[in-house]
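Visitor: Starting from these lines, generate the structure:
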Amino acid sequence: MTETYDAMKDRLLDAALSNVPFDGWSEDTFKAAVADTEIAPDVARNVCPRGAVDLALAFHARGDAAMLARLDAEDLSDLRFRDKIAAAVRYRLEAVTDKEAVRRGTILFSLPMHAATGAKAIWGTADKIWTALGDTSDDVNWYTKRATLSGVYGSTVLFWLGDDSADHAATWDFLDRRIDNVMQIEKAKATVRENKLLSGLMAGPNWLLGHVRAPMRVPDVDLPGQWTDRQD
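Guide: Reported below is the predicted structural model:
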């Protein structure tokens with residue numbers, strides 16, 4: 001049976017993780033993973049066109065998947081919504097199987113040529129959290145929620161990387177403070193909306209923002225030139 005795209009990428013990722021602490025998410029790491037898995041180099045390059053960059057993204061996606069599985073398994077019904085957000089971010093960090101791989105990924109995605117890709121990955125994590133928690137916004141709030149959570153998640157990751165407290169207690173305290181900061185901003189926004197004078201001054205911008213809509217969700221489809229796992 002022909003090995004699927006995802007299976008090959010998983011094997012490459014597993015093989016790469018042992019080299020990442022030494023060589024980072026580099027071309028040397030990718031070539032070593034190809035050699036260790038004995039996947040043909042041209043096939044491996046089709047699976048990961050950007051080499052180790054795609055493997056770093058696969059590692060991030062693996063953590064997202066573990067977080068979503070835990071969110072689905074845990075009962076969060078008694079928690080306040082801000083605490084559900086905090087729990088999701090904590091689950092995401094606790095899903096990490098190799099802290100050094102995250103550290104090396106942070107270095108990789110801080111490079112100018114990969115910064116946009118790294119930001120997109122963080123945005124994707126924030127989107128998955130909001131979607132899993134039932135967010136139904138379809139206006140400008142769709143963007144502001146994800147932008148705010150991206151900032152919270154990104155800063156918490158950086159703090160967590162340098163945290164050596166027992167069970168990362170300092171990180172969870174830091175996360176709670178960041179979410180409290182966000183809640184204060186939301187309270188300030190509510191105060192502005194309730195103030196008639198300020199609401200009048202904001203009428204124009206609010207009208208423009210009212211026409212912003214969330215992007216449409218496009219289902220996965222087979223496109224010309226796309227690698228698929230389907231066997232005809």
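
Visitor: I'd say Asp127 and Ala147 touch.
Guide: No. Using Cβ atoms under 8 Å, Asp127 makes no contact with Ala147, being 10.5 Å away. For the C-beta atoms, the positions are set from N, CA and C on the backbone; glycine is no exception.

Visitor: Those two: who's more crowded?
Guide: Using other Cβ atoms under 10 Å as the criterion, Asp127 and Ala147 rank with Asp127 on top: 17 against 12.

Visitor: which residues sit in contact with that one?
Guide: Contact analysis of Asp127 by Cβ atoms under 8 Å, 6 or more residues apart in numbering lists Arg146.

Visitor: where does it fall, phi/psi-wise?
Guide: phi -60, psi -40 (degrees, to the nearest 10).

Visitor: and it, what pLDDT?
Guide: Predicted confidence (pLDDT) for Asp127: 95.

Visitor: Also Trp227?
Guide: We have a pLDDT of 43 for Trp227.

Visitor: now do Met8
Guide: Met8 carries a pLDDT value of 96.

Visitor: Provide a list of residues in contact with it.
Guide: Applying Cβ under 8 Å, 6+ apart, the residues near Met8 are 37, 39, 43-44, 47.

Visitor: So which bits of the host helix or strand of it are buried?
Guide: For Met8, the host element (DSSP states H and E) is helix 5-17. Buried residues in helix 5-17, counting neighbours by 16 or more other Cβ atoms under 10 Å, are found at 8-9, 11-13, 15-17.

Visitor: now the chain, which segments are flagged as low pLDDT?
Guide: Residue ranges of the chain with pLDDT under 70: 1, 185-214, 216-232.

Visitor: So which residue is smack in the middle of it?
Guide: Note on the chain: the residue nearest the mean C-alpha position is Thr125, at 2.5 Å, using Cα atoms, centre = their mean.

Visitor: That one reaches Asp64, doesn't it?
Guide: Yes. Using Cβ under 8 Å, Thr125 is in contact with Asp64, at 5.6 Å.

Visitor: Overlap of the contact sets of the two?
Guide: The contact sets of Thr125 and Asp64 overlap at Arg92 (Cβ under 8 Å, 6+ apart).
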